[in-house]
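Q: pasted the sequence and its predicted model underneath.
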Amino acid sequence: MAPVETTLPERHPDAPEPATELPEHYAYCFGCGSSVEHGLHLRATAGEDLTVRSRFTVTTAHQGAPGLAHGGLLACAFDEALGTAVGHLLRQPAVTGKLETDFLRPVPVGTVLFIDARIDGVAGRKVYVSADGRVNSPVGDIAVRARALFVTVELKHFIDNGRPEDLKKVAADPSLLGRTVDLNP
C-alpha cells in the first residue's frame, strides 16, 4: 500500500503486448544482462494490464547459506523485476528509491523463481510497485514478496551519472541496450 494517494496509470500505448518476451535493458546489467557470467540472467514477459512476469534460475553462484539463495541477491532480482515493469509498461526511465523485501520461505539453489510484478499506482514522479515470488511454479506458495518506490527521471540522469567509459561503449555499440534510445536528446 502506497503511503500517499496514487492513481492507477494507463499502460503506455507503445508498451509491449501481453505475452511478449522483453529484452534485457543493458547487456552488462547484473540482473538481466547476458554478458555478465554469474548474473541473474532474469527474463521477463509482459503480462496483462500493468503486470510483468520475470523468472531466473538460482545457481550455486547465487547462494548465501549452503544450497540457498542469498537474500541480497533475491532483493536484486526483485529490484530488476519491478524496474522492468516500470520501464516497459510506462515507457519511462526510473530509478529505485526504496525497496522492501519479505522473505517467507527458502529459495533453494537449482530452483526457478517466478516473480509477478505489478504497478500499483503513481503519484507525480513516484511509481509504486509490488511483486510476489514463487519457487518452481508461477502458482503456489509465495516465497518472497517485495514493495518498491521508483522515481521517474530524465535520460540525462544516466548520462550525467554513468561511468564515462561505459557510456562511450554504448554510444559506439547501441546494441548493448535492449531498445534504442536517443543519447543526445
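A: Good, I have the coordinates.
Q: going by C-alpha atoms from here, please, whenever you check contacts or count neighbours.
A: Will do.
Q: from what I see, residue 70 and residue 61 are in contact.
A: No: under the contact definition of CA atoms under 8 Å, residue 70 does not touch residue 61, with a separation of 9.5 Å.
Q: where in the protein is pLDDT low?
A: For the chain, the stretches flagged by pLDDT under 70 are 1, 179-185.
Q: buried stuff in the lengthiest helix in it?
A: Within the chain, and with DSSP state H defining each element, the longest helix by residue count is helix 71-90. Judged by neighbour count (16 or more other CA atoms under 10 Å), helix 71-90 contains these buried residues: 71, 73-90.
Q: let's see it as CSV, backbone CA atoms only.
A: This file holds the C-alpha atoms of helix 71-90, laid out as CSV (Å, rounded to 0.1, in the frame of the first residue of the first chain):
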residue,chain,number,x,y,z
GLY,A,71,18.8,-12.8,0.5
GLY,A,72,20.5,-9.7,-1.0
LEU,A,73,20.6,-11.4,-4.4
LEU,A,74,16.9,-12.1,-4.2
ALA,A,75,16.4,-8.5,-3.4
CYS,A,76,18.4,-7.7,-6.5
ALA,A,77,16.1,-10.0,-8.6
PHE,A,78,13.0,-8.2,-7.3
ASP,A,79,14.6,-4.8,-8.0
GLU,A,80,15.2,-5.9,-11.6
ALA,A,81,11.7,-7.4,-12.0
LEU,A,82,10.0,-4.3,-10.5
GLY,A,83,12.1,-1.9,-12.6
THR,A,84,11.3,-4.0,-15.7
ALA,A,85,7.6,-3.5,-15.1
VAL,A,86,8.0,0.3,-14.7
GLY,A,87,10.3,0.7,-17.7
HIS,A,88,8.4,-1.4,-20.2
LEU,A,89,4.9,-0.7,-19.2
LEU,A,90,5.1,3.0,-18.5
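Q: what lies in contact with that helix?
A: Residues outside helix 71-90 that contact it (CA atoms under 8 Å, 6 or more residues apart in numbering) are 10-12, 15-16, 31-32, 40, 42, 44, 46, 50-54, 62, 64, 92-96, 99, 101, 103, 115-119, 127, 129-131, 146, 148, 150.
Q: and the next helix or strand past that helix?
A: Counting by DSSP states H and E, the next helix or strand C-terminal to helix 71-90 is strand 94-103.
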